[in-house]
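A.B. asks: Below is the sequence, then the predicted model.
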Amino acid sequence: RVPFMFKRAIDAVVDGAVPRSTSVGLMFAYGVSRAVYTFLQEGRYLLFTPVGQSALRRFTADAFAHVQSLDAMWLGGQSTGELSRG
């Protein structure tokens, strides 16, 4: 995948319409913008991973506590794993 900006920069240099330094500057700016984007994505993962893990832990603990609080006779009478026809 070659970005269109690279294509236009190379075409402009080959045609002689734009000085080489302008094209190199555009390519450098593109590289810097990609690096900043990657850095920000990693920062987002670093920030929100603990939040997601905490929410998942809390959900599973609540679900387990709910199942434990159900009546044992009712749980024994349920046919788990069976499709119901309704």
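C.D. replies: It's in.
A.B. asks: Now do the top helix by length along the chain, average pLDDT.
C.D. replies: Longest helix in the chain, counting residues (DSSP state H): helix 20-69. Mean per-residue pLDDT for helix 20-69: 91.
A.B. asks: which outside residues touch stretch 71-84?
C.D. replies: Defining contact as Cβ atoms under 8 Å, 6 or more residues apart in numbering, one finds that stretch 71-84 is touched by Val67. From N, CA and C alone the C-beta is placed, and that goes for glycine too.
A.B. asks: Off-centre distance for that stretch?
C.D. replies: Here stretch 71-84 is found 38 Å from its chain centre; the criterion is Cα atoms, centre = their mean, to the nearest Å.
A.B. asks: again with stretch 36-55
C.D. replies: The answer for stretch 36-55 is 9 Å, by Cα atoms, centre = their mean.
A.B. asks: Equivalent analysis for stretch 18-28, please.
C.D. replies: 32 Å.
A.B. asks: List the buried residues of it.
C.D. replies: For stretch 18-28, the neighbour count (16 or more other Cβ atoms under 10 Å) marks 23, 26 as buried.
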